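**Q** sequence plus the predicted model coming up.
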Amino acid sequence: MNPLSVILMASPDGEGSPVTSIVFLVLIFAVFWLFMIRPQVKKQKAQQKFKEAIGKGDKIVTIGGVHGKIIEVQDTTFIIEGEGGHRQKIEKTAVSMESSQQFLADKEKK
């Protein structure tokens, strides 16, 4: 009999081996990290990179759905110009990467 299979087999009294429990917990953590944590971290990095890359003249959409063109960039805020020439000061954190990219893609299709 293979030594590893002896270690992983259940004991005669019906309880599992401690090694089996540890391996199972490690597998659960690995799957959790692979499907939950890793994609979220990648999304946050992409969002941060997007916010650092946008500048004057770019068209954006805020999380609240406001469309505008950036006319001034400050440390933590943008001044955007919306429909009709209205200007608003917004936080950089309020810019939606997904909506802005979708907005630009829709404009290019037309």
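**A** Right, received. Where do you want to start?
**Q** and the spatially most central residue of the chain, what element?
**A** Among the residues of the chain, the one closest to the centroid is Lys43, at 2.1 Å (C-alpha atoms, centre = their mean). Here Lys43, judged by DSSP states H and E, is contained in helix 38-53.
**Q** okay, the closest residue in space to Ser96 that isn't next to it in sequence: pLDDT?
**A** Of all residues beyond its chain neighbours, the one nearest Ser96 is Ile63 (4.8 Å), with distances taken as C-beta to C-beta, 6 or more residues apart in numbering. C-beta here means a position set from N, CA and C on the backbone, and glycine is covered the same way. Predicted confidence (pLDDT) for Ile63: 88.
**Q** what's the answer for the one 5 residues further on, then?
**A** In this prediction, Gly68 carries a pLDDT score of 90.
**Q** surely it is in a strand?
**A** Yes - assessed by DSSP: H, G, I helix; E, B strand; the rest coil, Gly68 belongs to a strand.
**Q** tell me the bridge partners for it.
**A** Bridge pairing for Gly68 (DSSP bridges) gives the partners Ile60.
**Q** any idea how many residues pack against it?
**A** Neighbour count for Gly68, taken as other C-beta atoms under 10 Å: 21.
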